[in-house]
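J.: Give me a model of this one.
(one chain, ligands or ions: 2)
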Amino acid sequence: MFDTLITEFDKGLRTLFAPAQSQRPRPDAGLEEAELGTAEKRHAMGLMRVNHCGEVCAQALYQGQALTARNQQAREALQHAAFEEVEHLAWTEQRIRELGGQPSLLGPLWYTGSLAIGVTAGLLGDKWNLGFLEETEHQVGAHLDSHLTALPEADAKSRAIVTQMRDDELRHADMAHEFGAASLPAPVKGLMKLTAKLMTATSYRV
Ligand SMILES: [Fe+2]
Ligand SMILES: [Fe+2]
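T.: Ligands and ions are numbered 1, 2, ... in the order given. Purely as a prediction, here's the structure:
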């Protein structure tokens with residue numbers, strides 16, 4: 001258990017401070033950089049910063065859950081999905097910088113909160129752990145869909161990244177469902193939406 005904690009702590013530090021790696025090619029590889037106006041560029045950057053912050057939270061959630069998952073198969077599935085979240089982290093971070101910005105300063109705060117939530121969900125047992133994961137991925141998928149409307153039409157590169165992430169998140173939700181995710185009570189879903197709103201509103205700005 002102590003070894004696992006050290007490994008997870010190390011992962012946490014890397015999530016926050018080291019550039020994330022991607023195995024798949026970036027979804028926008030080969031697409032031309034658009035000529036965006038200053039306001040459009042700032043807006044796209046703010047949205048990608050929100051998405052990056054979401055991926056920082058995803059790392060923490062998955063780590064918290066993998067720490068506590070009892071079922072070996074579920075743990076492996078979580079680890080595979082977590083790897084794709086690392087790719088999302090890399091794509092969004094690179095895109096923020098290309099748009100002239102930097103990741104949210106509040107990342108460490110959200111990371112810590114999400115890790116605590118992930119561990120708590122994990123301690124409730126696998127079906128609630130997976131239920132929490134499924135609901136998170138559904139909410140993130142819907143949120144990414146809304147960004148496809150909000151992003152500048154011309155910003156094909158950010159749009160390609162967000163589209164691939166949306167598809168991955170929905171696949172993660174299906175995976176959690178297949179492993180026996182329980183359906184969360186409505187008030188819990190509501191609370192999750194509220195927390196996500198707070199995170200998106202703050203990380204768009206700082
Ligand atoms: Fe993701
Ligand atoms: Fe995901």
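
J.: alpha carbons only for contacts and neighbour counts from here, please
T.: OK.

J.: Correct me if wrong: Ala154 contacts Glu33.
T.: No - Ala154 is beyond contact range of Glu33, at 9.0 Å (criterion: Cα atoms under 8 Å).

J.: What residues sit buried inside stretch 97-114?
T.: 99, 101-104, 107-108, 110-112, 114 (16 or more other Cα atoms under 10 Å).

J.: just these now: which is nearest Met175?
T.: The closest of the buried residues of stretch 97-114 to Met175 turns out to be Ser114 (Cα to Cα; 20.6 Å).

J.: check contacts around the closest one.
T.: 57-58, 60-61 (Cα atoms under 8 Å, 6 or more residues apart in numbering).

J.: ok, now Pro27?
T.: 157, 160-161, 164.

J.: Just the buried ones out of those residues, please.
T.: 157, 160-161.

J.: Let's have those in CSV, adding pLDDT and distance to Lys193.
T.: Converted to CSV, the buried ones among the contacts of Pro27 look like this (pLDDT from 0 to 100; distance: Cα to Cα, whole Å):
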residue, pLDDT, distance to Lys193
Lys157, 97, 27
Ala160, 98, 25
Ile161, 97, 23
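
J.: low pLDDT regions in this structure?
T.: Along the chain, segments meeting pLDDT under 70 span 1-6, 8-9, 12-14, 16-18.

J.: ok, and the closest non-adjacent residue to His43?
T.: In space, and not counting its chain neighbours, His43 is closest to Leu151: 7.6 Å by Cα to Cα, 6 or more residues apart in numbering.

J.: In this protein, which helix is the longest?
T.: helix 38-68 (DSSP state H).

J.: I'd like the next helix or strand past whichever strand or helix holds Ser146.
T.: Using DSSP states H and E, Ser146 sits in helix 126-150. Helices and strands here follow DSSP H and E; after helix 126-150, the next one along the chain is helix 156-178.

J.: just checking, what packs against that following helix?
T.: Under the contact criterion of 3 or more Cα pairs under 8 Å, 6 or more residues apart in numbering; DSSP states H and E, helix 156-178 touches helix 72-98, helix 126-150.

J.: what's it in contact with?
T.: Under Cα under 8 Å, 6+ apart, the answer for helix 156-178 is 26-29, 31-34, 44, 48, 77, 81, 84, 88, 91-92, 95, 130-131, 133-138, 140-142, 144-145, 147-148, 151.

J.: how near is the residue lying closest to Arg24 once chain neighbours are set aside to Gly100?
T.: Excluding the flanking residues, the one nearest Arg24 by Cα to Cα, 6+ apart is Glu87, at 7.6 Å. Per Cα to Cα, to the nearest Å, Glu87 is found 20 Å from Gly100.

J.: repeat for Ala186
T.: For Ala186, the distance to Gly100 (Cα to Cα) stands at 39 Å.

J.: try Asp167
T.: For Asp167, the distance to Gly100 - Cα to Cα - is 26 Å.

J.: returning to what we had before: can you put the helices and strands packed on helix 156-178 in a markdown table and add distance to Leu198?
T.: As requested, these are exported to a markdown table (distance: least, Cα to Cα, whole Å):
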| stretch | distance to Leu198 |
| --- | --- |
| helix 72-98 | 19 |
| helix 126-150 | 13 |
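
J.: out of those helices, nearest to Ser203?
T.: So among the helices and strands packed on helix 156-178, helix 72-98 is nearest, using Cα to Cα, at 12.2 Å.

J.: Lovely, talk soon.
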